[in-house]
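[1] dropping the sequence and predicted coords here.
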Amino acid sequence: MSINVDARGMLCPQPVIVTKKALDNITEGVITTIVDNSVSKENVVKFAKANLCEVAVAEKSGHFYITITKGAPNGLALPVQTLVEESGGTHVFLITQNTFGHGSSELGTVLIKSFFFTMVEKEPLPKTVLFANSGVKLTVEGSPVLDHLQALAARGVEILSCGTCLDYYQLKEQLAVGGITNMYTIMDEITTHKAVTL
C-alpha cells in the first residue's frame, strides 16, 4: 500500500499529525509525506524513526518528500526513549523560560545554571528536556548552561527545542545542542511521562 500525504503549507505540528493518522490507518506499507520547510521535515522524520519506520528523504523544487516505510525489516535503531529508559530515566522537564523562577532575572540566571549543573550530577537522569518560549535561549550558542546540556545529551538525555519558538526569537541557526521539535511531540512527552514544568 502506498499513500501520499500533502502537508505543504501546514503549520507545526500539523505535518506530524496528518502523518500519524496515515500511519495509524495501515499495518504495513509506504507513506510519502510532502512538506515545504526543513523544520517540518525534521519533525516528521524524527516521528517516523521513533515509531521504528524506515525513512528516506528527497528534495525536489524546494519541497521535501519523506518516504516512510511501516513494517520495515528488523535491525533498525531503537528509539531514543528506549535507550534512556534503560538507564533509568522516565521523567521529562519542560523549560518555558531562560531563567529559574520569577523575580530577579540576575538571580534567575544564577539559579538556572545551578539547576542544570545539579541535573547532570543527579541520578536518574531525565528522559527528555523540552525547551519552549524563551527557554529555547538556553539551547543556542552563548547559553550559560550549554556545557551542562551537552553533557546531558552525551549521556543519552534527549534535548528538544520548540521550532516555532526558535523561529520567533530568530535563533534557529544558532541551535547548539539537541534537536528541533513541535507541539505534538511536546504534548506527547508531557502526557505520556511524568512531567515537571519550569
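    Perfect, I can see it now. Given the structure is predicted, the values throughout are model-derived calculations rather than measurements.

[2] only C-alpha atoms from now on, for both contacts and neighbour counts.
    OK.

[3] what helix or strand is E59 on?
    Under the criterion of DSSP states H and E, E59 resides in strand 54-60.

[4] ok, that strand: who's next to it in the sheet?
    Using DSSP bridges, the strands paired with strand 54-60 are strand 63-70 (antiparallel).

[5] give me the buried positions along the partner strand.
    64-70 (16 or more other CA atoms under 10 Å).

[6] A helix includes S114, no?
    Yes: per DSSP: H, G, I helix; E, B strand; the rest coil, S114 lies within a helix segment.

[7] how near is it to H148?
    10 Å (CA to CA, to the nearest Å).

[8] between these two, who's got more neighbours?
    The neighbour comparison of S114 against H148 (other CA atoms under 10 Å) goes to H148, with 20 against 14.

[9] identify the residues contacting stretch 163-176?
    Residues outside stretch 163-176 that contact it (CA atoms under 8 Å, 6 or more residues apart in numbering) are 12, 39, 132-134, 136-137, 139-141, 146, 180-182.

[10] can you pick out the most distant pair from the residues you listed?
    Largest separation among these by CA to CA: C12 and L146, giving 25.9 Å.

[11] any weak-confidence spans in this structure?
    Along the chain, the parts satisfying pLDDT under 70 run over 1, 72-89.

[12] I'd like to know how many residues surround T185.
    T185 has 19 nearby residues by other CA under 10 Å.

[13] what's the answer for Q174, then?
    13.

[14] rewinding a little: can you tell me which of the contacts of stretch 163-176 are in helices?
    39, 146 (DSSP state H).

[15] any of the contacts of stretch 163-176 buried? List them.
    12, 39, 132-134, 136-137, 139-140, 146, 180-182.

[16] could you chop this protein up by domain?
    According to the TED database, the chain comprises the domains 2-70, 91-197.

[17] about what we covered before: can I get the buried residues of strand 63-70 in a markdown table including distance to V110?
    Below are these laid out as a markdown table (distance: CA to CA, whole Å):
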| residue | distance to V110 |
| --- | --- |
| F64 | 42 |
| Y65 | 44 |
| I66 | 43 |
| T67 | 45 |
| I68 | 44 |
| T69 | 47 |
| K70 | 47 |
